[in-house]
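Novice: Curious how this folds, go ahead:
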Amino acid sequence: MRRFLPGSLRGQLLLLILLTLALAQALVVWLFADEREMALRTALGQEAASRAANVARLITEAPENLHGSILRAADSPLVRFSLDASPTVDHPNHGADLLAEQIAAQIRMDPVPDVRLELHQADTAPPPMRGMTGQMAQMHRSMQPVPISSVEMKISIAMATGDWLNVVTRFHRPPYQLAWTAIATFAISAVLIGATVWIALGRLTGPLRDLARAAEEFGRGADAQAVAPSGPNELRSLTSAFNQMQERIRRFVDDRTRLLAALSHDLRSPLTALRVRAEMVDEDETRERMIATTQEMQEMVESTLAFARGVSNTEPVETVELSEVVADLIADINAPAGTVTFQPSAAIARVRLRPTSMRRALRNLIENAVRYGGDAGIRIWREEDLVRVVIDDRGPGIPEEELEHVFDPFVRLERSRSRETGGTGLGLSIARTIVQSHGGDISLENREGGGLRATVTLPIA
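Specialist: This next block holds a predicted model:
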């Protein structure tokens with residue numbers, strides 16, 4: 001069903017209102033048709049009752065030798081009269097007492113005759129036509145343009161002679177007539193209501209679209225401006241709250257970035273002095289350990305500065321072809337020949353990003369793949385409004401329980417703390433922080449047959 005529904009809130013609400021209007025109109029038409037059918041059946045019943053009363057009076061006043069002619073003249077395809085010794089209705093009236101009383105009053109006999117009446121379901125076959133030639137019967141059948149109703153009425157009237165006048169009649173089901181006035185009323189109402197609702201909903205959906213666009217830009221790290229409040233009071237309050245939240249988040253990130261940068265910068269001077277003093281130590285083993293420790297601290301400070309630069313949003317956002325960015329990055333890495341293979345995207349994959357920051361994130365992932373796996377295979381492809389960069393290596397992989405933990409700052413799976421084999425533990429943290437600031441994400445998974453796969457997902461511009 002979702003394929004047939006409008007995608008926008010505006011369209012769905014308008015469709016819901018029009019469907020409700022159509023359902024209400026159909027219900028009114030159905031009730032009107034049912035009421036019309038009941039009225040027509042009541043009129044036909046009254047006519048049949050009056051006709052039965054008139055025939056009963058004629059038989060009472062006419063000589064006995066004319067009774068057969070009167071009955072044959074009164075017969076029709078829908079009403080059949082007969083004079084019998086017993087009544088066809090051999091029980092009291094069932095909910096038709098008023099109609100039976102009306103028949104008795106129209107006969108005007110003294111004493112009031114016994115009139116019995118019955119309504120019940122019957123088959124669709126018409127009652128037999130007695131005393132008619134084949135041509136006359138065919139003519140009567142051609143006069144039945146619509147099917148006969150399944151409602152049959154039987155009347156039994158006690159005559160003064162002791163016989164019973166039995167009447168069997170069928171009702172035509174009134175043909176359904178399309179009420180063009182109802183259709184015209186519905187069409188006019190639907191157009192007027194649809195236009196009014198469409199314009200009114202525009203005051204709701206317009207500000208919501210602006211808010212969603214601003215949230216998307218802010219999530220991608222773009223320098224999103226404050227959204228101008230518009231629409232109803234609730235939407236204005238929501239927009240103001242979003243603007244305040246955006247400003248608070250930006251201020252928090254800026255403060256944290258400045259703090260990290262200042263702390264890392266201020267640590268450089270004492271570390272440099274410590275390095276100089278370590279060089280003056282006479283004992284070789286102690287001097288080498290102090291220099292190694294100082295070097296490790298220096299590299300951690302540099303990594304922290306890189307992390308601070310990664311979360312900074314000062315770099316302008318550009319629309320670039322991601323395959324070109326990755327190809328240029330691979331050329332700059334200067335890895336040994338055959339170490340890195342690249343399969344660019346066949347479709348155009350243009351993204352909005354901060355090029356320098358994104359190159360830093362992809363560089364960390366590619367260098368990790370080369371360091372731990374020896375070889376790295378890079379593929380790019382596009383899926384609807386997303387582009388994926390997949391980096392595969394042939395290394396030992398990562399334990400399943402550590403796949404998310406390795407993104408935490410200063411986490412290293414290599415326990416030797418060697419600078420040649422382990423790094424500082426900030427590479428993946430920096431990469432994920434940068435990618436998430438662009439509205440994307442990084443995931444890790446172990447490949448079948450060995451190796452690790454890093455997948456970078458970014459939204460299409």
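Novice: Mind jotting down where the helices sit in this protein?
Specialist: Per DSSP state H, the chain carries helices over the ranges 9-61, 67-74, 97-107, 134-142, 180-219, 233-279, 284-311, 322-333, 355-373, 427-437.
Novice: which one of these lies closest to Val168?
Specialist: When these are compared by C-beta to C-beta, helix 9-61 sits nearest Val168, at 9.8 Å. To be clear about C-beta, it is placed using only N, CA and C from the backbone, and glycine gets the same treatment.
Novice: Of the helices of the chain, flag the one that's most buried.
Specialist: Highest mean neighbour count of the helices of the chain: helix 427-437, a mean of 22 (counted as mean count of other C-beta atoms under 10 Å).
Novice: rewinding a little: now render the helices of the chain as CSV, adding distance to Gly449 and mean pLDDT.
Specialist: What follows is the helices of the chain, written out as CSV (distance: least, C-beta to C-beta, whole Å; pLDDT from 0 to 100):
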stretch, distance to Gly449, mean pLDDT
helix 9-61, 47, 74
helix 67-74, 98, 85
helix 97-107, 90, 69
helix 134-142, 84, 57
helix 180-219, 36, 80
helix 233-279, 40, 80
helix 284-311, 32, 74
helix 322-333, 24, 86
helix 355-373, 13, 86
helix 427-437, 23, 85
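Novice: Pipe the ones you listed into JSON lines and attach distance to Trp164 per row.
Specialist: Putting the helices of the chain into JSON lines (distance: least, C-beta to C-beta, whole Å) gives the following:
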{"stretch": "helix 9-61", "distance to Trp164": "10"}
{"stretch": "helix 67-74", "distance to Trp164": "13"}
{"stretch": "helix 97-107", "distance to Trp164": "13"}
{"stretch": "helix 134-142", "distance to Trp164": "25"}
{"stretch": "helix 180-219", "distance to Trp164": "47"}
{"stretch": "helix 233-279", "distance to Trp164": "78"}
{"stretch": "helix 284-311", "distance to Trp164": "104"}
{"stretch": "helix 322-333", "distance to Trp164": "98"}
{"stretch": "helix 355-373", "distance to Trp164": "102"}
{"stretch": "helix 427-437", "distance to Trp164": "96"}
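Novice: Would you tell me which of those helices gets closest to Ser443?
Specialist: Minimum separation from Ser443 across the helices of the chain (C-beta to C-beta) falls at helix 427-437, 9.5 Å.
Novice: Tell me which of the helices of the chain lies nearest to Ala461.
Specialist: helix 322-333 (9.7 Å).
Novice: Relative to Ile460, which of the helices of the chain is closest?
Specialist: If we rank those by C-beta to C-beta, the stretch that ends up nearest is helix 322-333, at 9.4 Å.
Novice: Now do the closest one and helix 355-373, the angle between them.
Specialist: Between helix 322-333 and helix 355-373, the angle comes out at 60 degrees (axes from the mean of the first three to the mean of the last three C-alpha atoms, to 10 degrees).
Novice: What is helix 322-333 packed up against?
Specialist: Where contact means 3 or more C-beta pairs under 8 Å, 6 or more residues apart in numbering; DSSP states H and E, helix 322-333 is packed against strand 340-343, strand 350-353, helix 355-373, strand 376-383, strand 386-393.
Novice: Can you check which of these gets nearest to Asp114?
Specialist: When the helices and strands packed on helix 322-333 are compared by C-beta to C-beta, strand 376-383 sits nearest Asp114, at 86.7 Å.
Novice: tell me what that closest one is packed against?
Specialist: With contacts defined as 3+ C-beta pairs under 8 Å, 6+ apart, the packing partners of strand 376-383 are helix 322-333, strand 340-343, helix 355-373, strand 386-393.
Novice: would CSV of the ones you listed with distance to Ile199 be doable?
Specialist: Below are the helices and strands packed on strand 376-383 laid out as CSV (distance: least, C-beta to C-beta, whole Å):
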stretch, distance to Ile199
helix 322-333, 41
strand 340-343, 51
helix 355-373, 43
strand 386-393, 35
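Novice: circling back to that earlier point, Serialize the helices and strands packed on helix 322-333 to a markdown table and add fields for distance to Gly194.
Specialist: A markdown table is the format used below for these (distance: least, C-beta to C-beta, whole Å):
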| stretch | distance to Gly194 |
| --- | --- |
| strand 340-343 | 51 |
| strand 350-353 | 37 |
| helix 355-373 | 46 |
| strand 376-383 | 36 |
| strand 386-393 | 36 |
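Novice: out of those, nearest to Val197?
Specialist: Nearest of the helices and strands packed on helix 322-333 to Val197, taken as C-beta to C-beta: strand 386-393 at 34.4 Å.
Novice: what's that closest one in contact with?
Specialist: 322, 326, 345, 349, 351, 362, 365-366, 368-370, 372-382, 447, 451-460 (C-beta atoms under 8 Å, 6 or more residues apart in numbering).
Novice: What are the buried residues along the longest strand belonging to the chain?
Specialist: Ranked by number of residues, the top strand in the chain under DSSP state E is strand 148-158. Neighbour counts over strand 148-158 (16 or more other C-beta atoms under 10 Å) mark 148-149, 151-158 as buried.
Novice: Give the pairing partners of that strand; include direction for each.
Specialist: With DSSP bridges as the test, strand 148-158 is paired with strand 115-121 (antiparallel), strand 164-172 (antiparallel).
Novice: Just the C-alphas of the longest one, formatted as CSV.
Specialist: Coordinates of each C-alpha in strand 164-172 appear next as CSV, following Å, rounded to 0.1, in the frame of the first residue of the first chain:
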residue,chain,number,x,y,z
TRP,A,164,-61.7,-16.9,0.4
LEU,A,165,-60.3,-14.4,-2.1
ASN,A,166,-56.6,-15.2,-2.2
VAL,A,167,-54.2,-12.6,-3.7
VAL,A,168,-50.5,-13.2,-4.5
THR,A,169,-48.4,-10.3,-5.6
ARG,A,170,-44.7,-9.6,-6.3
PHE,A,171,-42.9,-6.3,-6.1
HIS,A,172,-40.5,-4.9,-8.7
